[in-house]
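> Task: produce atomic coordinates for the following.
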Amino acid sequence: MSIENLNQEEVATATFLENLRSKTSPSHTGLEDLPISKIIVDPKITNEDYILYLNLMHDVVKNLEDSIYPILSTVVDDLEQRTKASILANDILFAKGKIKAYQAPFDTTNISIPFAMGIMYVVEGSTLGGRFILKNIQESLGFDEENGASYFSGYGNKTGSMWKKFLNVLTDFESETNSADEIIAGADYAFSTIHKHLAENSAR
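This is a model prediction of the structure:
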């Protein structure tokens, strides 16, 4: 492969990722602006707030693993290493909470593989902010990455490399299938749907 072709591929990849971030920015920001999203990084967080947040994310992650992962089994080869629903459940129980009845936020009826990749991009990307959240949970509630806050430890010291690996799979898939619009639509849907799920189930 020539240097010129390599550069063209790198430019195309960078352009796709920039479009993905910019076009989902409004829905991403809307999710981060929710009170329940802000309380998780607030030193004033209570144990009740924490358990509620974990339960809502348990719905999201379990839905991803039960309904989205099977769609992506031929594209992403390390899905078994990326399961987190059981970790969330353990954190809830350690915090002396109850695991609420499962609600599936996503409508996965007849969705395409690119759309599903967009959804996974959003949920997988949330692991990056986990380390920052972990620090607040440790200082405010006393839980750590082995006891009560395991979910927010992500993949430990492999969190960065696991994210880069997923991005490589995502960009290779987009390049091979020319499916940027569908991936972006799936990611925007994921941000909006998680926003709706958290907003409707965290109102006091």
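> from here on, contacts and neighbour counts on C-alpha atoms
Noted.
> give the contact list for the residue positioned nearest the centre of the chain.
In the chain, the centroid-proximal residue (C-alpha atoms, centre = their mean) is residue 123; its distance is 1.5 Å. For residue 123, the contacting residues are 60, 61, 190, by C-alpha atoms under 8 Å, 6 or more residues apart in numbering.
> Restricted to helices, list these.
Those of the contacts of residue 123 mapping onto helices are 60, 61, 190, per DSSP state H.
> could the contacts of residue 123 be laid out in TSV, adding distance to residue 104, neighbour count and pLDDT?
As requested, these are arranged in TSV below (distance: C-alpha to C-alpha, whole Å; neighbours: other C-alpha atoms under 10 Å; pLDDT from 0 to 100):
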residue	distance to residue 104	neighbour count	pLDDT
60	7	23	98
61	9	23	98
190	12	26	98
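> now, which of the residues you listed sits nearest residue 130?
residue 61 (14.0 Å; C-alpha to C-alpha).
> sorry, back to before: helix or strand right after the helix or strand where the residue nearest to the centre of the chain lies?
If you go by DSSP states H and E, residue 123 is part of helix 113-125. Towards the C-terminus, the helix or strand next in line after helix 113-125, according to DSSP H and E, is helix 130-141.
> Show me what that following helix is packed against.
Applying 3 or more C-alpha pairs under 8 Å, 6 or more residues apart in numbering; DSSP states H and E, one finds that helix 130-141 makes contact with no other helix or strand.
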